[in-house]
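In: this one's structure only:
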Ligand SMILES: [Ca+2]
Ligand SMILES: [Ca+2]
Ligand SMILES: [Ca+2]
Ligand SMILES: [Ca+2]
């Protein structure tokens with residue numbers, strides 16, 4: 001499995017497989033205000049080695065790995081309004097990717113690393129956009145007067161999953177990566193949001209309030225069928241993120257008094273608190289570690 005993950009991470013590049021460390025721990029990037037304001041952190045997937053990657057008085061949030069595993073993309077208000085940045089795995093060499101007075105946030109790299117999907121209010125309300133990884137060639141994919149948020153790429157890169165309030169509630173949608181053929185996947189009387197496609201392309205994990213009480217983590221087939229509640233807990237359970245091998249799901253929950261990062265099996269068993277710190281820990285994003293980075 002480890003070799004398969006290394007091959008996946010390397011894509012078609014010519015970097016030798018021996019660059020992959022056989023015992024390098026998987027990592028989870030997350031956001032936390034434990035040090036006074038929201039910063040991007042990383043930890044090993046067992047909760048050890050929690051390390052702050054950003055350090056400034058503005059909001060820094062929503063970090064995730066590039067497909068090569070060598071850069072982390074996130075958004076920050078360090079330059080006054082919300083912009084998208086990328087940085088090295090240790091937080092060094094931050095580079096601004098967007099430059100626009102509107103809010104630009106919730107970035108995710110495409111599986112081939114060539115493009116970035118994100119949300120922006122630059123046309124008046126939250127819409128989904130795609131740009132080259134350099135920040136050039138920004139293209140708008142959604143057009144309506146309600147919020148469209150948190151784009152996430154399918155494993156094959158041909159589709160983008162997101163949530164939108166176009167019915168009045170937040171529902172999960174999928175569209176082609178050029179914005180064509182939008183389809184609604186949820187419709188059950190409660191809000192459904194924060195979708196996360198599985199690595200095998202077969203399922204989508206998401207947050208749902210359909211049960212009338214707290215937010216729960218659900219998983220459904222990629223066509224919206226067979227939704228299953230994985231958490232069943234009176235606290236709020238939000239923002240699921242699949243492990244690279246598709247066997248576990250990280251999420252955030254306030255079941256222990258404040259938001260912490262948890263991980264569970266994909267059937268909901270064995271929920272484990274990984275972060276266990278004061279302050280709110282949220283927005284996990286998972287990736288296998290790769291030692292081939294400079
Ligand atoms: Ca900060
Ligand atoms: Ca901006
Ligand atoms: Ca919109
Ligand atoms: Ca719950």
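Out: Okay, I see it. Fair warning: this is a prediction, and the values are worked out from it, not measured in the lab. Ligands and ions are numbered 1, 2, ... in the order given.

In: distance check, residue 30 against ligand 1.
Out: 14 Å (Cβ to the ion, to the nearest Å). For glycine as for every other residue, the C-beta is placed from the backbone atoms N, C-alpha and C.

In: show me the contacts for that residue.
Out: 40-43, 63, 252, 261, 275, 281-285 (Cβ atoms under 8 Å, 6 or more residues apart in numbering).

In: let's see the PyMOL selection covering just the buried ones among those residues.
Out: Selecting only the buried entries of the contacts of residue 30 in PyMOL, with 16 or more other Cβ atoms under 10 Å as the criterion:
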select buried, resi 40+41+42+43+63+252+261+275+281+282+283+284+285
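
In: select from the contacts of residue 30 every entry located in strands.
Out: If you go by DSSP state E, the contacts of residue 30 have 40-43, 63, 252, 261, 281-285 in strands.

In: now render those residues as JSON lines, adding pLDDT and distance to ligand 2.
Out: Output for these, formatted as JSON lines (pLDDT from 0 to 100; distance: Cβ to the ion, whole Å):
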{"residue": "40", "pLDDT": "98", "distance to ligand 2": "18"}
{"residue": "41", "pLDDT": "98", "distance to ligand 2": "23"}
{"residue": "42", "pLDDT": "96", "distance to ligand 2": "25"}
{"residue": "43", "pLDDT": "96", "distance to ligand 2": "29"}
{"residue": "63", "pLDDT": "97", "distance to ligand 2": "17"}
{"residue": "252", "pLDDT": "98", "distance to ligand 2": "25"}
{"residue": "261", "pLDDT": "98", "distance to ligand 2": "27"}
{"residue": "281", "pLDDT": "97", "distance to ligand 2": "25"}
{"residue": "282", "pLDDT": "98", "distance to ligand 2": "21"}
{"residue": "283", "pLDDT": "98", "distance to ligand 2": "19"}
{"residue": "284", "pLDDT": "98", "distance to ligand 2": "24"}
{"residue": "285", "pLDDT": "96", "distance to ligand 2": "21"}
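
In: once you drop chain neighbours, what's closest to residue 284?
Out: residue 250 (4.0 Å; Cβ to Cβ, 6 or more residues apart in numbering).

In: quickly list what the one you found is bridged to.
Out: residue 241, residue 263 (DSSP bridges).

In: per-residue confidence for it?
Out: pLDDT recorded at residue 250 is 98.

In: what about it, neighbour count?
Out: For residue 250, the count of nearby residues is 26 (other Cβ atoms under 10 Å).
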